[in-house]
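Compute the structure for the input listed below.
(one chain, ligands or ions: 1)
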Amino acid sequence: MKRVLLHICCVIDLVPAVQRLREEGYSVIGYFHNPNIQPEEEYRKRLQEVWRLSVMWDVPTILPAYNPIDFFRETVPFWNTPERGERCRVCISKNLKATRDLALSLGIKYFATTLTASRFKDLNMVNSIGNSLSTNETVYLESAFRKSGGQEIAVKIAKMYKLYRQNYCGCVYSKRDAIMKRRQNNT
Ligand code: SF4
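This next block holds a predicted model:
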């Protein structure tokens, strides 16, 4: 069976990604590489939920150490850029490169990301970063997991299992922006 190393950003986006990849005949191995999630308490919460579904759905998942320092070092210059801008490009590149490198070292032919299940992500940005990281040994699987009913199935399964749904993308900058947006909407 074809194996794919799947970068997992959160449990909600994991749902359609696993379903789609399995339908397409892939054996899925998860990789929860997310130094971009802050604070650590939130990281642990999302990890716990990913783990819960991974166990229920029998998705072997690799958990690296949590190390947000590099994320800050590389994204601080872009602290005030909008979501989907340069900060996100650095963040997504970092997570996909780590996934590609692990796939290479484990001899896994394909790598992919759950990020394309999110309606907040720029699909072109995610897929062009992934494609640029492809090598002869490890190939990026372009995807659009949110399409063709992906979002609907994510909502349905999330309700069924009472999965945790975060209200900001992950980094402190996105948390700041979400708080400011809520304040503006309340005034
Ligand atoms: S908004 Fe999301 S994708 Fe962009 S830098 Fe923050 S965590 Fe990464």
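
ok, how many other residues are close to Met1?
Applying other Cβ atoms under 10 Å, we find 6 residues neighbouring Met1. Any C-beta I mention is one placed from the backbone N, CA and C, and that applies to glycine too.

and if you look at Leu106?
If you count neighbours by other Cβ under 10 Å, Leu106 ends up with 13.

ok, it - contacts?
Leu5 (Cβ atoms under 8 Å, 6 or more residues apart in numbering).

mind checking how far it is from Lys181?
If you measure Leu106 against Lys181 using Cβ to Cβ, to the nearest Å, the figure is 40 Å.

repeat for Thr75
From Thr75 across to Lys181, the span is 20 Å (Cβ to Cβ).

residue ranges for the strands of the chain, please.
Using DSSP state E, the strands of the chain run over 2-7, 26-31, 61-62, 110-113, 139-140.

Give me the angle between the longest helix along the chain and strand 2-7.
Counting by DSSP state H, the longest helix found in the chain is helix 86-106. Calculated by axes from the mean of the first three to the mean of the last three Cα atoms, to 10 degrees, helix 86-106 forms an angle of 140 degrees with strand 2-7.

of Thr75 and Lys181, who's got more company?
A count of neighbours by other Cβ under 10 Å puts Thr75 above the other of Thr75 and Lys181, at 22 against 11.

What is the burial count for Thr135?
Residues within reach of Thr135, counting by other Cβ under 10 Å, total 11.

residues contacting it?
Taking Cβ under 8 Å, 6+ apart as the contact definition, Thr135 lies against 100, 104.

Could you tell me the phi and psi values at it?
Main-chain torsions, Thr135, degrees, to the nearest 10: phi -130, psi 180.

same question, Ile108
When quoted as degrees, to the nearest 10, the phi and psi of Ile108 stand at phi -90, psi 130.

what about the helices in the protein?
Counting by DSSP H, the chain has these helices, from start to end: 11-23, 40-56, 68-75, 86-106, 123-133, 150-161, 172-186.

Flag every residue of this protein that's near the ligand.
Residues of the chain found near the ligand (Cβ under 6 Å from any ligand atom) are 36, 83, 87-88, 91-92, 169-171, 173-174.

what two of those are the furthest from one another?
Ile92 and Tyr173 (14.1 Å; Cβ to Cβ).

wait, what's in contact with Gly150?
Contact partners of Gly150, counting by Cβ under 8 Å, 6+ apart, are 16, 20, 117, 144.

The residue nearest to the first one when sequence neighbours are not counted and Pro68, how far apart?
Nearest in space to Pro16, with sequence neighbours left out and distances taken as Cβ to Cβ, 6 or more residues apart in numbering, is Gly150 at 3.5 Å. From Gly150 across to Pro68, the span is 29 Å (Cβ to Cβ).
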